[in-house]
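In: Following is a predicted model, sequence given first.
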Amino acid sequence: MTGLETTTIAGRLFRLGKRAPRQLPVRHLMASRRMLAEMPPAPPTRDWTTAMTFPCGEMGNDTLGDCTGAGAGHWIQAVTANASTEVTVSDADVIAFYSGSTGYVPGDSSTDQGGVEADVLEYWKETGLAGIKLDGFAQAQAQNVGEAQQVVNTFGGGYIGLALPKTVESQGDVWDVDLTAGADAERGSLGGHCVVLEGYDQGGFWFITWGMKKYMTIAFLRAYNDELWAPLASGIWAPNGKSPAGDTVPALDADLAAVS
């Protein structure tokens, strides 16, 4: 699978678009490990999606393999909805971001090849999306539930990559592992896809994809997630000096100082 497959969900066509993960230098991973180990455990539940309006837009991911850009746009929506007033980045800005971070040339379908999340995050930090730049980003362990909860709680959402199984095409709003599905349950049998985690409870995680709020079980995260990133844009997450989770800007910046 290339990660650019088209899928049918609830009778509508959508695109995927996450390419294979690229590992950052070991020093970045080790610094991320230390940062997360020093953070307090997350509370038992958190749901940043309750402040949002749904559906929140496909952001081009119904016709392009720009899920890495759409994921960034949905993360901005969630962060701003909880910290101030929800900001929806235009489809044009998301597509321009996809173009700049992946080499896509609008109108040339041969260049619509999806994105590598590490590359997209670096572009987001250096260039920005609709004027919003990341302060930095950390890398968590993809199947570590506790770290995923920490990332969602502290940073306002997790930017993740899934090696999707074909079973999700018929699972509606709850994605789970289906051990009866044979080859359709294999990792990546559908393709690679970027989504954002924006809430959790003790059974799983709420996430946003194709402008919709869905839920994945813990078993699904552990089976199919292959990368987990913690982006920070303190200017929109803590516009008045303190985030909705209670962290101050200096504390947030200190968390990432050794990583980015």
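Out: Thanks, I have it. Residues are numbered from 1 along each chain as shown.

In: Which strands or helices does the longest helix seen in the chain pack on?
Out: If you go by DSSP state H, the chain has its longest helix at helix 67-83. The contact analysis (3 or more Cβ pairs under 8 Å, 6 or more residues apart in numbering; DSSP states H and E) places helix 67-83 against helix 91-102, helix 117-126, strand 158-164, strand 191-200, strand 204-209, helix 234-237. Every residue, glycine included, has its C-beta placed from N, CA and C.

In: For the ones you listed, give me JSON lines that also has distance to Ala181, mean neighbour count and mean pLDDT.
Out: Shown next, in JSON lines, are the helices and strands packed on helix 67-83 (distance: least, Cβ to Cβ, whole Å; neighbours: other Cβ atoms under 10 Å; pLDDT from 0 to 100):
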{"stretch": "helix 91-102", "distance to Ala181": "31", "mean neighbour count": "21", "mean pLDDT": "98"}
{"stretch": "helix 117-126", "distance to Ala181": "26", "mean neighbour count": "20", "mean pLDDT": "98"}
{"stretch": "strand 158-164", "distance to Ala181": "13", "mean neighbour count": "27", "mean pLDDT": "98"}
{"stretch": "strand 191-200", "distance to Ala181": "16", "mean neighbour count": "27", "mean pLDDT": "97"}
{"stretch": "strand 204-209", "distance to Ala181": "19", "mean neighbour count": "24", "mean pLDDT": "98"}
{"stretch": "helix 234-237", "distance to Ala181": "38", "mean neighbour count": "20", "mean pLDDT": "96"}
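
In: For Pro44, find the nearest of these.
Out: strand 191-200 (8.9 Å; Cβ to Cβ).

In: which residues are contacting the lowest-mean-pLDDT helix or strand in the chain?
Out: Within the chain, confidence by mean pLDDT, DSSP states H and E is lowest for strand 6-9 among all helices and strands, at a mean of 75. With contact meaning Cβ atoms under 8 Å, 6 or more residues apart in numbering, strand 6-9 is reached by Leu13, Phe14, Arg15, Leu16, Val168, Glu169, Leu190, Gly191, Trp210.
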